[in-house]
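# sharing a model that was predicted from the sequence below.
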Amino acid sequence: LAALGPNGQVIIDVIPEIELITGPQPLVPELGPAEALNRFNLAFQNFIRVFCTPAHPLVVFLDDLQWADSASLKLIKLMMMDRHMRSLLLIGAYRDNEVDATHPLMTLVKQLWQEKVNINTITLQPLSQLHLCQLIADTVHHNLETTLSLAELVLNKTEGNPFFVNEFLKNLYTEELLQFNPRAQQWEWDIAQIQSQDLTDNVIELLISKL
């Protein structure tokens, strides 16, 4: 309440659950579009600061930034350039094949670099066979040796794309090629049976068929 002052309703309009914490707030005066946006940005900055403390850092993950609108990018810029903002880690994900040097997101990143904001870039690669084997072993609660052949098959079908891996495994489950045996209390599959099925090598075709 101290951080939001008279602008509590501005945040409640965006995050209604906040009213469960603050209680009902007074209505705010009507403003023009530009003034209303500035008021929201200020209120949101003050709101986020409440949760950013050295003893309790805040991590925010934003996906699909290739589709972010200009107002969202401006808000991100304000947060990242706020010298009073501490203990905040903002993680943003985007599809680099949909973003070029002239994209607004890249313009923002360049501006943040120029302002000496600490930025780290991680380029995600397809999953290797070892990582895929670890993922599947953890999913079906088997050891690496048992899941190696399944991992090899999934790698061939998906080329290690994590999203495709997830969809392919769900398809195996839907087609009852990956089943849970309640009596043995474990997941089971038959590689020969899976290989004998007419499963597409193109996961895009699989997704289209599901749609």
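Yes, it's here.
# shaky segments in this protein?
Within the chain, the ranges that satisfy pLDDT under 70 run 198-203.
# residue with max distance from the center of the chain?
Distance from the centre of the chain peaks at R183, with 36.6 Å (Cα atoms, centre = their mean).
# quick one, phi psi at that residue?
phi -70, psi -40 (degrees, to the nearest 10).
# that one and A137: what is the separation?
Distance, R183 to A137, using Cβ to Cβ, to the nearest Å: 22 Å. Any C-beta I mention is one placed from the backbone N, CA and C, and that applies to glycine too.
# what's the closest non-adjacent residue to P54?
S87 (5.3 Å; Cβ to Cβ, 6 or more residues apart in numbering).
# surely that neighbour touches L58?
Yes. S87 is within contact range of L58, at 6.6 Å (criterion: Cβ atoms under 8 Å).
# intersection of neighbour lists for these two?
The overlap between the contact sets of S87 and L58 (Cβ atoms under 8 Å, 6 or more residues apart in numbering) consists of C52.
# export the longest helix along the chain as CSV, just CAs?
Criterion DSSP state H: the longest helix present in the chain is helix 33-51. Provided in CSV are the C-alpha atoms of helix 33-51 (Å, rounded to 0.1, in the frame of the first residue of the first chain):
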residue,chain,number,x,y,z
PRO,A,33,-3.7,7.9,-23.1
ALA,A,34,-0.2,9.1,-22.7
GLU,A,35,-0.7,10.3,-19.1
ALA,A,36,-2.5,7.0,-18.2
LEU,A,37,0.4,5.0,-19.6
ASN,A,38,3.0,7.0,-17.7
ARG,A,39,0.9,6.5,-14.5
PHE,A,40,0.8,2.8,-15.0
ASN,A,41,4.5,2.5,-15.7
LEU,A,42,5.3,4.4,-12.5
ALA,A,43,2.9,2.4,-10.5
PHE,A,44,4.2,-0.9,-11.9
GLN,A,45,7.8,0.1,-11.2
ASN,A,46,6.9,0.8,-7.6
PHE,A,47,4.9,-2.4,-7.4
ILE,A,48,7.8,-4.6,-8.7
ARG,A,49,10.3,-3.0,-6.3
VAL,A,50,8.3,-4.3,-3.3
PHE,A,51,9.2,-7.9,-4.3
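# for stretch 150-165, how far is the first residue from the last?
11 Å (Cα to Cα, to the nearest Å).
# so how far is W67 from A93?
11 Å.
# what do you get for L135?
27 Å.
# show me which of these two is the more surrounded one.
The neighbour count for L135 versus W67, taken as other Cβ atoms under 10 Å, is higher for L135 (18 against 11).
# count the residues that sit near L31.
12.
# quick one: contacts for it?
L31 touches R39, counting by Cβ under 8 Å, 6+ apart.
# am I right that it falls within a strand?
No. L31 is assigned coil when assessed by DSSP: H, G, I helix; E, B strand; the rest coil, not a strand.
# chain neighbours aside, what residue packs nearest to the most centrally placed residue in the chain?
Nearest to the mean C-alpha position of the chain, by Cα atoms, centre = their mean, lies D63 at 4.2 Å. In space, and not counting its chain neighbours, D63 is closest to A93: 4.9 Å by Cβ to Cβ, 6+ apart.
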